[in-house]
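Visitor: Okay, here's the prediction I keep looking at, along with the sequence it came from:
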Amino acid sequence: MRKVYAALAGLLLAAAVVQMYLAAVGAFDKPQDDSSFALHTMNGMMVIPVLSLVATAAAAAARAPGRQIGLTVLPLGLVIVQSLIVAIGGLFDDSTGNTTPLSLAILGLHAVNGMAVIGACELVFRRARRLAWPKPEPRSQDAAEGSPVPAS
(Lines give C-alpha, C1' and ligand atoms only; values in the text may rest on other atoms or scores of the structure.)
Protein backbone atom coordinates (compact mmCIF):
# COMPACT_ATOMS: atom_id res chain seq x y z
CA MET A 1 0.00 0.00 0.00
CA ARG A 2 2.95 2.31 0.60
CA LYS A 3 3.96 2.05 -3.05
CA VAL A 4 0.41 2.92 -4.10
CA TYR A 5 0.60 5.94 -1.81
CA ALA A 6 3.93 6.98 -3.35
CA ALA A 7 2.46 6.64 -6.85
CA LEU A 8 -0.55 8.76 -5.91
CA ALA A 9 1.75 11.35 -4.36
CA GLY A 10 3.71 11.40 -7.61
CA LEU A 11 0.51 11.98 -9.58
CA LEU A 12 -0.40 14.78 -7.18
CA LEU A 13 2.95 16.46 -7.77
CA ALA A 14 2.57 16.04 -11.54
CA ALA A 15 -0.90 17.60 -11.41
CA ALA A 16 0.50 20.58 -9.48
CA VAL A 17 3.25 21.11 -12.06
CA VAL A 18 0.72 20.79 -14.89
CA GLN A 19 -1.36 23.40 -13.06
CA MET A 20 1.39 25.99 -13.48
CA TYR A 21 1.71 25.08 -17.14
CA LEU A 22 -2.04 25.51 -17.64
CA ALA A 23 -1.89 28.90 -15.92
CA ALA A 24 0.72 30.01 -18.44
CA VAL A 25 -1.36 28.65 -21.33
CA GLY A 26 -4.31 30.71 -20.12
CA ALA A 27 -2.20 33.81 -19.57
CA PHE A 28 -0.77 33.72 -23.10
CA ASP A 29 -4.02 32.81 -24.89
CA LYS A 30 -4.99 35.40 -27.51
CA PRO A 31 -7.68 36.66 -27.46
CA GLN A 32 -8.09 36.03 -23.78
CA ASP A 33 -11.61 35.21 -22.66
CA ASP A 34 -13.40 33.23 -19.94
CA SER A 35 -12.37 29.91 -21.51
CA SER A 36 -8.65 30.80 -21.44
CA PHE A 37 -8.25 29.37 -17.96
CA ALA A 38 -10.83 26.56 -18.25
CA LEU A 39 -8.26 23.74 -18.07
CA HIS A 40 -6.39 25.51 -15.26
CA THR A 41 -9.64 25.85 -13.31
CA MET A 42 -10.70 22.25 -13.91
CA ASN A 43 -7.33 20.83 -12.88
CA GLY A 44 -7.16 23.07 -9.81
CA MET A 45 -10.71 22.61 -8.63
CA MET A 46 -11.17 18.92 -9.44
CA VAL A 47 -8.01 16.95 -10.20
CA ILE A 48 -5.72 18.26 -7.45
CA PRO A 49 -8.34 18.09 -4.66
CA VAL A 50 -9.44 14.56 -5.63
CA LEU A 51 -5.83 13.34 -5.85
CA SER A 52 -5.09 14.96 -2.49
CA LEU A 53 -8.05 13.18 -0.86
CA VAL A 54 -7.29 9.80 -2.48
CA ALA A 55 -3.60 10.08 -1.57
CA THR A 56 -4.58 10.99 2.00
CA ALA A 57 -6.74 7.87 2.22
CA ALA A 58 -3.84 5.81 0.81
CA ALA A 59 -1.47 7.36 3.38
CA ALA A 60 -3.81 6.35 6.17
CA ALA A 61 -4.19 2.84 4.72
CA ALA A 62 -0.39 2.59 4.44
CA ARG A 63 -0.14 3.47 8.12
CA ALA A 64 1.93 6.56 7.41
CA PRO A 65 2.73 8.77 10.40
CA GLY A 66 -0.03 11.19 11.36
CA ARG A 67 2.02 14.21 10.32
CA GLN A 68 2.46 12.68 6.86
CA ILE A 69 -1.27 12.07 6.53
CA GLY A 70 -1.95 15.68 7.49
CA LEU A 71 0.66 16.91 5.04
CA THR A 72 -0.97 14.91 2.25
CA VAL A 73 -4.29 16.72 2.69
CA LEU A 74 -2.52 20.12 2.76
CA PRO A 75 -2.74 20.65 -1.05
CA LEU A 76 -6.53 20.46 -0.74
CA GLY A 77 -6.48 23.15 1.93
CA LEU A 78 -4.21 25.32 -0.19
CA VAL A 79 -6.58 24.94 -3.17
CA ILE A 80 -9.36 26.25 -0.95
CA VAL A 81 -7.13 29.21 -0.10
CA GLN A 82 -6.61 29.73 -3.86
CA SER A 83 -10.37 30.10 -4.31
CA LEU A 84 -10.59 32.50 -1.39
CA ILE A 85 -7.80 34.64 -2.83
CA VAL A 86 -9.67 34.98 -6.13
CA ALA A 87 -12.98 35.71 -4.38
CA ILE A 88 -11.51 38.29 -2.00
CA GLY A 89 -9.49 39.91 -4.78
CA GLY A 90 -12.66 40.24 -6.85
CA LEU A 91 -14.38 42.09 -4.02
CA PHE A 92 -11.98 44.99 -4.52
CA ASP A 93 -12.56 45.42 -8.28
CA ASP A 94 -14.05 48.76 -9.30
CA SER A 95 -17.71 49.25 -10.21
CA THR A 96 -17.09 48.29 -13.86
CA GLY A 97 -15.42 45.00 -12.90
CA ASN A 98 -11.87 46.14 -13.62
CA THR A 99 -9.08 45.37 -11.19
CA THR A 100 -7.74 47.99 -8.82
CA PRO A 101 -4.26 48.17 -7.30
CA LEU A 102 -5.64 46.58 -4.11
CA SER A 103 -7.37 43.75 -5.96
CA LEU A 104 -4.17 43.11 -7.96
CA ALA A 105 -2.12 42.99 -4.75
CA ILE A 106 -4.50 40.37 -3.36
CA LEU A 107 -4.79 38.41 -6.61
CA GLY A 108 -1.00 38.26 -6.89
CA LEU A 109 -1.07 36.02 -3.82
CA HIS A 110 -2.68 33.40 -6.07
CA ALA A 111 0.71 32.75 -7.72
CA VAL A 112 2.54 32.70 -4.37
CA ASN A 113 0.04 30.22 -2.95
CA GLY A 114 0.33 28.18 -6.16
CA MET A 115 4.04 27.80 -5.47
CA ALA A 116 3.14 26.68 -1.94
CA VAL A 117 0.88 24.00 -3.47
CA ILE A 118 3.77 22.72 -5.58
CA GLY A 119 6.10 22.81 -2.58
CA ALA A 120 3.65 20.86 -0.43
CA CYS A 121 3.12 18.29 -3.19
CA GLU A 122 6.88 17.89 -3.62
CA LEU A 123 7.35 17.37 0.11
CA VAL A 124 4.51 14.82 0.20
CA PHE A 125 6.03 12.93 -2.73
CA ARG A 126 9.55 12.94 -1.27
CA ARG A 127 8.31 11.62 2.09
CA ALA A 128 5.99 9.08 0.45
CA ARG A 129 8.92 7.71 -1.56
CA ARG A 130 11.00 7.48 1.60
CA LEU A 131 8.16 5.60 3.28
CA ALA A 132 7.69 3.20 0.35
CA TRP A 133 11.37 2.57 -0.30
CA PRO A 134 13.32 3.14 2.92
CA LYS A 135 17.08 3.20 2.67
CA PRO A 136 18.70 0.24 4.41
CA GLU A 137 20.42 0.93 7.70
CA PRO A 138 24.16 1.35 7.26
CA ARG A 139 26.04 -1.66 8.54
CA SER A 140 29.23 -1.37 10.49
CA GLN A 141 32.47 -2.82 9.11
CA ASP A 142 32.44 -5.63 11.69
CA ALA A 143 28.88 -6.65 10.84
CA ALA A 144 29.72 -6.65 7.13
CA GLU A 145 32.59 -9.09 7.78
CA GLY A 146 30.44 -11.40 9.85
CA SER A 147 31.84 -10.46 13.26
CA PRO A 148 29.33 -9.56 15.93
CA VAL A 149 29.09 -5.84 16.67
CA PRO A 150 29.79 -5.07 20.32
CA ALA A 151 26.81 -3.62 22.16
CA SER A 152 27.23 -0.04 23.35
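Guide: It's in.

Visitor: which residues sit in contact with the residue most central in space within the chain?
Guide: Per Cα atoms, centre = their mean, the C-alpha nearest to the average position across the chain is that of Cys121, at 3.0 Å. Listed by Cβ atoms under 8 Å, 6 or more residues apart in numbering, the contact set of Cys121 reads 9, 12-13, 15-16, 75. Any C-beta I mention is one placed from the backbone N, CA and C, and that applies to glycine too.

Visitor: So for stretch 30-43, mean pLDDT?
Guide: Per-residue pLDDT over stretch 30-43 has a mean of 94.

Visitor: Which parts of it count as buried, going by neighbours?
Guide: Neighbour-count burial for stretch 30-43, counted by 16 or more other Cβ atoms under 10 Å, picks out 36-37, 39-41, 43.

Visitor: do stretch 49-59 as well
Guide: Within stretch 49-59, the residues that count as buried by 16+ other Cβ under 10 Å are 49, 51-52, 54-56, 58-59.

Visitor: Cross those residues against helices and list the overlap.
Guide: Assigned to helices by DSSP state H, the following of those qualify: 49, 51-52, 54-56, 58-59.

Visitor: Could you point out which of the residues you listed is nearest to Ala87?
Guide: Pro49 (16.4 Å; Cβ to Cβ).

Visitor: pLDDT wise, what is the residue nearest to that closest one when sequence neighbours are not counted at?
Guide: Nearest residue to Pro49 in three dimensions, chain neighbours excluded: Leu76, at 5.0 Å (Cβ to Cβ, 6 or more residues apart in numbering). Note for Leu76: predicted pLDDT of 98.

Visitor: okay, now Leu76: neighbour count?
Guide: Leu76 has 19 neighbours, counted by other Cβ atoms under 10 Å.

Visitor: ok, it - contacts?
Guide: 48-49, 52-53, 56.

Visitor: again, 7 Å this time
Guide: The contact partners of Leu76, taken as Cβ atoms under 7 Å, 6 or more residues apart in numbering, are 49, 52-53.

Visitor: again, but for Leu84
Guide: Counting by Cβ under 7 Å, 6+ apart, Leu84 touches no other residue.
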